[in-house]
Each structure stands twice: as C-alpha cells, then as structure tokens.
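Engineer: fold the following for me, if possible:
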Amino acid sequence: MKKGYEIVNFEEKADIYIINTCTVTNMADRKSRQMLRRVKEINREAIVVACGCYAQVAKEELEKIPEIDLIYGTNEKNRIAEYIERECPFQLGTFPIGVSDTFGVSVPFGKFPNGKVTDVMYQKEFLDFGTTLYTEKTRAVIKVQDGCDRFCSYCIIPYARGHVRSRKPESVIEEIKGIAKEGIKEVVITGIHVASYGKDFKDDIGLIDLLEKVNEIEGIERIRLGSIEPTIITDGFLERLTKLEKICDHFHLSLQSGCDETLKRMNRKYTTEQFRKSTNLLKKAYPNVALTTDIIVGFPGETDEEFEKTYNFLKEIDFYKMHIFKYSQRRGTKAAVMANQIDGNVKEQRSRRLIDLSNKNEKRHNEKYIGKEVKVLFEEKEGDYIKGHTTNYMVVKIPYRKIENIIEKVKIDKEENLELIGK
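Structural biologist: Reported below is the predicted structural model:
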C-alpha cells in the first residue's frame, strides 16, 4: 500500500496475486498449490507470485506449475513489491493492485524470471515489516521473533524460516504504542519460537524484559502470549511475570506428546516431568489459569502403551483445551523416514479419544463459572449475541448490545456448546 497499490479481497479480479505459502504439512503444500493455480481462473492475465515457506524449501516444485510467474522466499517478502516491479517488463507502480482493467498486456505463463530465493540460514536479522496483522478489531497480533533452532524431527519450519532472529524492542514498543492510539485493547505477542526471543541479541534481553516494557504502554489493557515452550516457565520468570497486571492468565504450552519415549523421538527438549513442573508453577501463580496445548497423535513408533501414557498425562495436567493433530509425514524431515509409521485408522481413533477428552475438560472448566462474574472484552456480533473472551480465554456471549471493544463484567447464567452465556 505504501507504494500506491490497492489491496482487494482475494476473490476479486486483480492484476497481481501474491500467495504467501505455508509448508508446515504436506496438506499445507497441497492447499498452497491449489490456490496458486486457482487465481489464474479469476484473471488469466494476472501476475501470480508465490512467496513464503513453501517457496523457500521447494522452489523446484513450484517452478513446475505453469501458472506461477514469480517465486520469492522467506527473506524476500518485505521487499516483494520492489522485486516484482524490477522483474516485470513494464512499470507496475502506476497500476494499483485490484483495478478492474488489466495492464493491457497479455501475460503468457512463465514469461517472467523465476524470482529470488536466498538461503534463509544466512539471515541474521529480523525482517521488520513495521506493520500489524489485525486479527480482530479488538486484538492485534505482534510478531516479535522469527526462526527456530530446535529442529524437532517432524518439523520443516527451521529450514523454511532459518535461525532465531528477534525484533528490536524499540520497534515492538513503537508499533504497540501506535495501535494503542487506535483503540486496540489487547495485543498477542507471538513468533515462531517466541520463548527464544532475545537469544540472538548481544545485550542480555529476553522475553520477560520485552513484556515489562509492553506492560507500561498506556491504552493496552491485555497482553496475551502466543505459544511458548514450557522450559521458559521458571520461578524467576514467574516472579517477574506475575507483577505485570496486564498479562492474561491463559498460557498455550506446546507439549506434542505426554510420553517421554515419544518426546525423545520427536527431539523435543523437555521431559514430561519438566512439563509437569512448569504447569504446577503456573497453577500456583495464577488461580484461574487456563492451560492449552498442541498434541500430535500417531507419531512414528507410537505404540498403544505410549499413547495411553499420553492420554493419562493429559488427564493429569487437566488442560482447558487441546488442539489435536494426526501426524502427517513431512518430506524433508527425519520423522518422515522413521520406521513404524502408524496406520491412518489408528491415528483417527486416537485423535477422537483426545478430542473427546478436550471437549469434556473445556465444558467442565466452563461450568465452574456459572453464577460467577467475569470480565469480558467484547469483540463481534454473532447472530442475536455479541461475544468476547475473558483473560483466560473463555468464550462468553450476551444478548447483543453495541459494546464492541469494551470490557464489561458479565454474570454467567449457563454453559452451552462450549461457550458461556450471561448477562
């Protein structure tokens, strides 16, 4: 937009389509390919650009798709308009993206050079776009970190995003001050491996130092953390975190398995005992804490006994909600070539058991609040209701009133379909 282009909805006819691809699973790859092919059906003469993670790790695959004109990797995204203008045989700056008329030039498939994909492993600094991805009118997602050095055996992300790179604190603070002036009340601090924030800085700055600075910003009333690794939860970390009154008492701790043998094959950097200790510390520090997590079922070599260990561990921790994923072989990872790949029917059965456990947990935790008062940041209209979230991420609905982006107390009357309804 800074270069004068107009951004339109994806289904509208546009002159340039930029697809920011995902590669976290083979399914994500397939969906990216489908979308890249589909845009030529909207406008055959459009310039189609593939960028992002899939483009980074599989440029050769994308080059075989005739509908794609340009391919850019992870490092090139922040200068993509500049690169497109340089590669195309005419000046794009005078043609806003999304105008009804095309350039008046027939663009045959494969006309342009293939673009640029540099080795992301050599990228040393965080690519700062200086923009906010607003997921809702009341919440802003702030990316403070990129890359990952963990190299879990099932994950392609380190190869697509490179090593840990942290965003400078002053840049983060400047952006959040700006969105606070726009009336946004909640920010979500996130990254590829946000617990690693600051590890690439020469100064001794970590995630807790950044959170303390964000907590001081006027206008921001809630700070929510994205997915964090359990090893960051220590007595020292919590001693400082609990002093920050804006921190939400909802923590998403990525577990993946509740069995030590499986965790070892996954190359996760903790044990179930370490995870247990972290959750106990959080429960002690935050009386109404909601703990959520991700679980992979059917990882190569996961026996019935190992799955039962996971199931029992999840019951013990008593998560508020769990996101369950059936293991999917990701080409290019160590797990994809491991022995004892699990049958799809077995994965489905295990997935259903954990989803059922998650739903029961969520309903039971919600029912504890019937008759009680909670503070809700109201976000959007849904039918005859307006709904929002508490600090510990419960969904609450009341009969519609125009109170978007307002925090109000609600007395809970009942639980219905994993949501709380009050007045």
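Engineer: and the helix or strand hosting Lys283, what's buried?
Structural biologist: Secondary structure assignment for Lys283, by DSSP states H and E: helix 272-285. By 16 or more other Cβ atoms under 10 Å, the buried positions in helix 272-285 come out as Thr272, Phe275, Lys277, Ser278, Thr279, Leu281, Leu282, Ala285. In short, each C-beta sits where N, CA and C put it, glycine included.
Engineer: just the pLDDT for the third one.
Structural biologist: I take that to be Lys277. Lys277 carries a pLDDT score of 98 in this model.
Engineer: before we move on, what about the one 5 residues further on?
Structural biologist: We have a pLDDT of 98 for Leu282.
Engineer: confirm for me that it is in contact with Ile247.
Structural biologist: No: between Leu282 and Ile247 there is no contact under Cβ atoms under 8 Å: 11.3 Å.
Engineer: would you mark the buried spots in stretch 257-275?
Structural biologist: Ser257, Gly258, Cys259, Asp260, Thr262, Leu263, Arg265, Met266, Arg268, Tyr270, Thr272, Phe275.
Engineer: repeat that for stretch 156-170.
Structural biologist: 156-167, 169.
Engineer: for the stretch 1-150 of the chain, give me the ranges with low pLDDT.
Structural biologist: 1-3, 89-114, 119-122, 127-136 (pLDDT under 70).
Engineer: next one: the stretch 151-300 of the chain
Structural biologist: Judged by pLDDT under 70, no stretch of the stretch 151-300 of the chain qualifies at all.
Engineer: quick one, helices of the stretch 101-250 of the chain?
Structural biologist: Using DSSP state H, counting those that start in this stretch, the helices found in the stretch 101-250 of the chain span residues 157-161, 169-181, 207-215, 235-241.
Engineer: so which elements touch whatever helix or strand comes next after the last one?
Structural biologist: The one in question is helix 235-241. Helices and strands here follow DSSP H and E; after helix 235-241, the next one along the chain is strand 250-252. Applying 3 or more Cβ pairs under 8 Å, 6 or more residues apart in numbering; DSSP states H and E, one finds that strand 250-252 contacts strand 222-225, strand 290-297.
Engineer: just those: most buried one?
Structural biologist: Of these, the one with the most neighbours on average (mean count of other Cβ atoms under 10 Å) is strand 290-297, at a mean of 22.
Engineer: next, the angle helix 272-285 makes with it.
Structural biologist: Going by axes from the mean of the first three to the mean of the last three Cα atoms, to 10 degrees, strand 290-297 is angled at 160 degrees with respect to helix 272-285.
Engineer: convert the C-alpha atoms of strand 290-297 to PDB, please.
Structural biologist: What follows is strand 290-297, C-alpha atoms only, in PDB (Å, rounded to 0.1, in the frame of the first residue of the first chain):
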ATOM      1  CA  ALA A 290      -6.300 -21.800  31.500                       C
ATOM      2  CA  LEU A 291      -3.700 -24.100  30.000                       C
ATOM      3  CA  THR A 292      -4.000 -25.100  26.400                       C
ATOM      4  CA  THR A 293      -1.700 -27.200  24.200                       C
ATOM      5  CA  ASP A 294      -1.000 -29.000  21.000                       C
ATOM      6  CA  ILE A 295      -0.800 -32.800  20.700                       C
ATOM      7  CA  ILE A 296       0.300 -35.000  17.800                       C
ATOM      8  CA  VAL A 297      -1.100 -38.500  17.700                       C
END
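Engineer: from the contact counts, what lies against that strand?
Structural biologist: Counting contacts by 3+ Cβ pairs under 8 Å, 6+ apart, strand 290-297 is packed against strand 250-252, helix 272-285, helix 304-317, strand 321-326, helix 344-367.
Engineer: distance to Thr242 added to the ones you listed, as JSON lines?
Structural biologist: Below are the helices and strands packed on strand 290-297 laid out as JSON lines (distance: least, Cβ to Cβ, whole Å):
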{"stretch": "strand 250-252", "distance to Thr242": "12"}
{"stretch": "helix 272-285", "distance to Thr242": "5"}
{"stretch": "helix 304-317", "distance to Thr242": "20"}
{"stretch": "strand 321-326", "distance to Thr242": "23"}
{"stretch": "helix 344-367", "distance to Thr242": "21"}
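Engineer: quick one: closest of these to Gly191.
Structural biologist: strand 250-252 (12.7 Å; Cβ to Cβ).
Engineer: relative to the whole chain's centre, how far out is the closest one?
Structural biologist: Centroid separation for strand 250-252 versus its chain: 13 Å, with Cα atoms, centre = their mean, to the nearest Å.
Engineer: show residues contacting it.
Structural biologist: Here strand 250-252 makes contact (Cβ atoms under 8 Å, 6 or more residues apart in numbering) with 224-228, 233, 282, 289-294, 320, 391-393.
Engineer: list the neighbouring strands of it plus their orientation.
Structural biologist: Paired strands of strand 250-252, with direction, are strand 290-297 (parallel) (DSSP bridges).
Engineer: report the angle between the partner strand and helix 344-367.
Structural biologist: Relative orientation of strand 290-297 versus helix 344-367 (the same axes, to 10 degrees): 170 degrees.
Engineer: contacts for strand 290-297, please.
Structural biologist: In contact with strand 290-297 (Cβ under 8 Å, 6+ apart) are residues 154, 227, 249-258, 266, 279, 282-283, 307, 310, 314, 317-327, 347, 350-351, 354, 365, 392-394.
Engineer: switch to 7 Å and redo it
Structural biologist: 154, 249-257, 279, 282, 317, 319-327, 347, 350-351, 354, 392-393 (Cβ atoms under 7 Å, 6 or more residues apart in numbering).
Engineer: quick check: angle from that strand to strand 321-326?
Structural biologist: Put simply, strand 290-297 runs at 10 degrees to strand 321-326, going by the same axes, to 10 degrees.
Engineer: chain center to strand 290-297, what's the gap?
Structural biologist: In this view, strand 290-297 has its centroid 14 Å away from the chain centroid, taken as Cα atoms, centre = their mean.
Engineer: ok and that strand relative to helix 304-317, angle-wise?
Structural biologist: Using the same axes, to 10 degrees: strand 290-297 against helix 304-317 is 170 degrees.
Engineer: one step back: can you list the helices and strands packed on strand 250-252 in TSV and add distance to Leu238?
Structural biologist: Shown next, in TSV, are these (distance: least, Cβ to Cβ, whole Å):
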stretch	distance to Leu238
strand 222-225	13
strand 290-297	14
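Engineer: hang on, the earlier thing: between the buried residues of stretch 156-170, which is closest to Lys143?
Structural biologist: Arg167 (7.2 Å).
Engineer: give me the below-cutoff pLDDT ranges for the stretch 301-423 of the chain.
Structural biologist: Along the stretch 301-423 of the chain, no part satisfies pLDDT under 70.
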